[in-house]
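**Q** Just a sequence and a predicted model for now, questions to come.
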Amino acid sequence: MDRKRVVVGMSGGVDSSVAAYLLKEAGYEVIGVTMQIWQDEDQATMEENGGCCGLSAVDDARRVAQALDIPYYVMNFKEEFRTNVMDYFITEYLAGRTPNPCIACNRYVKWESLLKRSMDIGADYIATGHYAQIERLPDGRFSLKKSATAAKDQTYALYNLTQEQLSHTLMPVGAYTKDEIRAIAEKIQLPVAHKPDSQEICFVPDHDYAKFIEENSDADIRPGNFVNTKGEVIGTHKGITHYTIGQRKGLNLSMGHPVFVAEIRPETNEVVIGENEDIFSKELLADRLNYMSRADFDDGMAVMAKIRYNHKGSLCRLYHEGEDWVRCIFEEPQRAITPGQAVVFYDGNYVLGGGTIRC
């Protein structure tokens, strides 16, 4: 019987490196691939940008592939990344929303584009170093299951994968803790065993999102009014791309007590400032739904919902709200429910599905 061929997306980090090792040990024919997505051709600029898309990632992944004795290639996905991630990121911020570019990258670049190219070269699967598990349920559906380590679980950022994508994906790291993965890397003497995790958005390493948007779009980003919840002008903001719901720092407002961004209104170029209680809500509406463990849900179904990556999750009930819309009603008010972010629903340890928060 022929060995199954798997293309491993190698970021140069310890997780994807150990994923490649585990799959080779399990008997797969492993091919390592780094996705070249950085847009700037200037070498000095690229070297400054580490994470999953800088030149250092390519160098580290190549060294790991040599150590594991597997074929290694760099594939150019610049166009796909620009269209599906960077342009999306800019468009959402200009619309007063706060996007999650990693979710878009996972669905449309790391999976949709990489999977297609991998299938074209005869691969059976693609694999990554994500901390998540894939399970085929008794009814035949595929679902993500939380990883063995809650502290590193990455299912939130992967909720948007399709059934087809899940059926051709392997995630061997999800059965381990981070410490166990580093221990494996040390044992087999991988050169990236102690490499720190990448935290920032790879194409905005300095975290200055507003500057990135100004430099990469033709948008006319103007100062506007800070207004309170009564509509009264209380100051001037630098441009709506500088703000997100729940933000307290960087407002430069002398109110005598902490205040927060409660709403962003691109149509009037206003940023609404409120008190702490103004940024709590028990409901949200979401669209662009993707289902995993089930094809749909029953109205009133109780689930745990996460409204951002580092949210611990909170109990809520789901209700259909027209075609491809869901209303989520929480038992307890949630802080800073943010349009543009994902809401992900969990049925026990399995991802039921999720969508994009609209309001």
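**A** Yep, it's here. Treat the numbers as computed from the prediction; the structure is a model and nothing was measured.

**Q** all contacts plus neighbour counts: C-alpha atoms, from now on.
**A** Noted.

**Q** Where do the helices of the stretch 1-150 of the chain begin and end?
**A** 14-25, 43-48, 55-68, 78-81, 87-94, 101-105, 114-120 (DSSP state H, counting those that start in this stretch).

**Q** Now do the first one against helix 55-68, angle only.
**A** Think helix 14-25. Interaxial angle, helix 14-25 versus helix 55-68 (axes from the mean of the first three to the mean of the last three Cα atoms, to 10 degrees): 30 degrees.

**Q** Quick check: buried residues in helix 14-25?
**A** By neighbour count with 16 or more other Cα atoms under 10 Å, helix 14-25 contains the buried residues 14-24.

**Q** residues in contact with that helix?
**A** Residues outside helix 14-25 that contact it (Cα atoms under 8 Å, 6 or more residues apart in numbering) are 8-11, 30, 32, 61, 64, 68, 127-130, 171-173, 181-182, 184-185, 192-195.

**Q** can you give me the helices in the stretch 201-350 of the chain?
**A** Using DSSP H, counting those that start in this stretch, helices in the stretch 201-350 of the chain cover 209-215.

**Q** Just the element for the closest residue to A342 other than its chain neighbours, please.
**A** Nearest non-adjacent residue to A342, counting by Cα to Cα, 6 or more residues apart in numbering: T356, 4.6 Å away. Here T356 sits within strand 350-357, counting by DSSP states H and E.

**Q** Return the distance of that strand from the chain's centre.
**A** 13 Å (Cα atoms, centre = their mean, to the nearest Å).

**Q** now stretch 228-247
**A** 26 Å.

**Q** What separation is there between the residue nearest to A342 and V192?
**A** Applying Cα to Cα, to the nearest Å, the value for T356 to V192 is 35 Å.

**Q** So which of the two has more stuff around it?
**A** Between T356 and V192, counted using other Cα atoms under 10 Å, T356 has the larger neighbour count: 24 against 20.

**Q** doesn't F345 make contact with that one?
**A** No - using Cα atoms under 8 Å, T356 is not in contact with F345, being 11.6 Å away.

**Q** Quick check, Y131 in contact with K152.
**A** Yes - the pair formed by Y131 and K152 meets the contact definition of Cα under 8 Å, at 6.3 Å.

**Q** Spit out the contact partners of the residue nearest to A342.
**A** 286-289, 339-343 are the contacts of T356 under Cα under 8 Å, 6+ apart.

**Q** ok, now K211?
**A** Contacts of K211 (Cα under 8 Å, 6+ apart): none.

**Q** How much space separates F203 from D153?
**A** 23 Å.

**Q** more crowded one of the two?
**A** Between F203 and D153, counted using other Cα under 10 Å, F203 has the larger neighbour count: 23 against 20.
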